[in-house]
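Trainee: Fold the following and give me the result.
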Amino acid sequence: MVHETGEAFTIRQLRRHAYRLIESLGLRRVRLYDDHSSCFTYLANNGVPDHILARWAGHTSVKTTKNWYVKPDVEDLRGAPTVWDGLHGGATEEQV
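Mentor: Got it, this is the predicted structure:
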């Protein structure tokens, strides 16, 4: 983002502007880093390709973006116990 003069905002200016906006909207203040992760997770869960997410995050590696910014949601985690039970000889959904 840039000023009207074309000069880039500093990180501090952007952060201050974001916190003012959050306050003016009556929203609970959160660390912007946490917001960053939430936004990338939302975009990933809604079909935005990994290479696009990495580019927007300023990363050269998709792996960095996926490891640090995209968090699994509840639906992603629900199937894991069934897979784990199958590995250890527990009942699978077909057997129940």
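Trainee: mind listing the helices for the protein?
Mentor: Taking DSSP state H to define them, one finds helices in the chain at 11-24, 32-45, 50-57, 62-68, 74-78, 80-87.
Trainee: Make TSV out of the ones you listed and add distance to His3 and mean neighbour count.
Mentor: C-beta coordinates here come from the backbone N, C-alpha and C atoms, glycine included. Compiled in TSV, those are given as follows (distance: least, C-beta to C-beta, whole Å; neighbours: other C-beta atoms under 10 Å):
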stretch	distance to His3	mean neighbour count
helix 11-24	9	11
helix 32-45	20	14
helix 50-57	22	15
helix 62-68	29	15
helix 74-78	41	9
helix 80-87	48	11
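Trainee: Throw these into a markdown table and include distance to Glu4 and mean pLDDT, thanks.
Mentor: Listed next are the helices of the chain as a markdown table, based on distance: least, C-beta to C-beta, whole Å; pLDDT from 0 to 100:
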| stretch | distance to Glu4 | mean pLDDT |
| --- | --- | --- |
| helix 11-24 | 13 | 89 |
| helix 32-45 | 23 | 82 |
| helix 50-57 | 24 | 88 |
| helix 62-68 | 32 | 89 |
| helix 74-78 | 43 | 74 |
| helix 80-87 | 50 | 74 |
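Trainee: Out of those, flag the one nearest Thr5.
Mentor: Ranking those by proximity to Thr5 (C-beta to C-beta) places helix 11-24 first, at 13.2 Å.
Trainee: what's the burial count for the residue nearest to Val2 when sequence neighbours are not counted?
Mentor: If you skip the residues right next to it in sequence, Val2 has Ala8 as its closest partner in space, 5.3 Å away by C-beta to C-beta, 6 or more residues apart in numbering. Using other C-beta atoms under 10 Å, Ala8 has 10 neighbouring residues.
Trainee: State the distance from Ala8 to Thr60.
Mentor: Ala8 is 21 Å from Thr60, where distance means C-beta to C-beta, to the nearest Å.
Trainee: Could you do Ala18 as well?
Mentor: 26 Å.
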